[in-house]
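In: Predicted model and sequence below, questions to follow.
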Amino acid sequence: MQRRELIAGGAALGLMGLGAVEANAQGTPLSMQPVEVRIRADIAPNEVHVIPDAFMLYWTQPNQRAIRYMVRVGRDDLYEPGEYFVGAKKEWPSWTPTPAMIERNPAYKQWEDGQPGGPNNPLGARALYLFQPGRGDTFLRVHGTNAPSTIGRAVSNGCAGMLNDHIVDLYSRVPMRSRVVLHPKTA
């Protein structure tokens, strides 16, 4: 699958609201709202695809359709493209920084034994835990965020982050063992 073709498939129908300055009742710009888009026929339904350069996540559906969400992604040196599967799902998950995260940001040391789930937790309202065969938990997540200004940026420790309302919606759609593809960055 060519990532440009996945993007072009969604762009071909128009991106309903992209670039709009209006906001919904919660104050979220319309350009950041999930939108249903058309995709190529050869893309399987019930998969998550993250296109990092466009800061978009697609939940593919039958009949050449997908729901597109805006995301943040990992910084260049921390983004790990590849194929994964959803190995766990958690509501209001706790968060424990890895030793490498603590080394990069010593302020995380206060949470080395874990931070309870809740509105102030960096994983937000829901998290999909990404696993690989033979490797198990990769410590990569698709999760909510309490920092909406980071959407559309490469700022995380490797995970894909979404607005909390959007991860709640995606979480309800994505079953365990779903395929997740983190496409390579090109820029």
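Out: Cool, got the structure.
In: for the protein, what spans make up the strands?
Out: 35-38, 47-51, 56-61, 65-70, 73-74, 82-91, 126-132, 136-145, 154-156, 160-163, 179-182 (DSSP state E).
In: Ok, which of these comes nearest Pro106?
Out: Closest to Pro106 of those is strand 154-156 (C-beta to C-beta; 17.8 Å). (Glycine included, C-beta is placed from N, CA and C.)
In: who's Val73 bridged to?
Out: Using DSSP bridges, the bridge partners assigned to Val73 are Ala154.
In: Adding mean neighbour count, write the strands of the chain out as JSON lines.
Out: Shown next, in JSON lines, are the strands of the chain (neighbours: other C-beta atoms under 10 Å):
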{"stretch": "strand 35-38", "mean neighbour count": "17"}
{"stretch": "strand 47-51", "mean neighbour count": "23"}
{"stretch": "strand 56-61", "mean neighbour count": "22"}
{"stretch": "strand 65-70", "mean neighbour count": "22"}
{"stretch": "strand 73-74", "mean neighbour count": "25"}
{"stretch": "strand 82-91", "mean neighbour count": "16"}
{"stretch": "strand 126-132", "mean neighbour count": "23"}
{"stretch": "strand 136-145", "mean neighbour count": "21"}
{"stretch": "strand 154-156", "mean neighbour count": "19"}
{"stretch": "strand 160-163", "mean neighbour count": "28"}
{"stretch": "strand 179-182", "mean neighbour count": "21"}
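In: So which of those is nearest Asp169?
Out: Between Asp169 and the strands of the chain, the tightest spacing by C-beta to C-beta is seen for strand 65-70, at 8.0 Å.
In: Please identify the pairing partners of the closest one and their relative orientation?
Out: Looking at strand 65-70 with DSSP bridges, its partner strands are strand 35-38 (antiparallel), strand 56-61 (antiparallel).
In: which ones are touching the residue most central in space within the chain?
Out: Nearest to the geometric centre of the chain sits Ala160, at 3.5 Å (C-alpha atoms, centre = their mean). Going by C-beta atoms under 8 Å, 6 or more residues apart in numbering, Ala160 touches 50, 57, 71-74, 141-143, 182.
In: rerun that using 7 Å as the cut-off
Out: 50, 57, 71, 73, 142 (C-beta atoms under 7 Å, 6 or more residues apart in numbering).
In: about what we covered before: of all the strands of the chain, which one comes closest to Ser172?
Out: strand 126-132 (8.7 Å).
In: which other residues reach the closest one?
Out: With C-beta under 7 Å, 6+ apart as the test, strand 126-132 has contacts from 84-91, 93, 137-138, 140-144, 167-168, 171, 174, 180.
In: From the chain's centre, how far out is that strand? Work that out for me.
Out: In terms of C-alpha atoms, centre = their mean, to the nearest Å, the centre of strand 126-132 is found 10 Å from the chain centre.
In: before we move on, what about stretch 31-46?
Out: Counting by C-alpha atoms, centre = their mean, stretch 31-46 comes out at 14 Å from the chain centroid.
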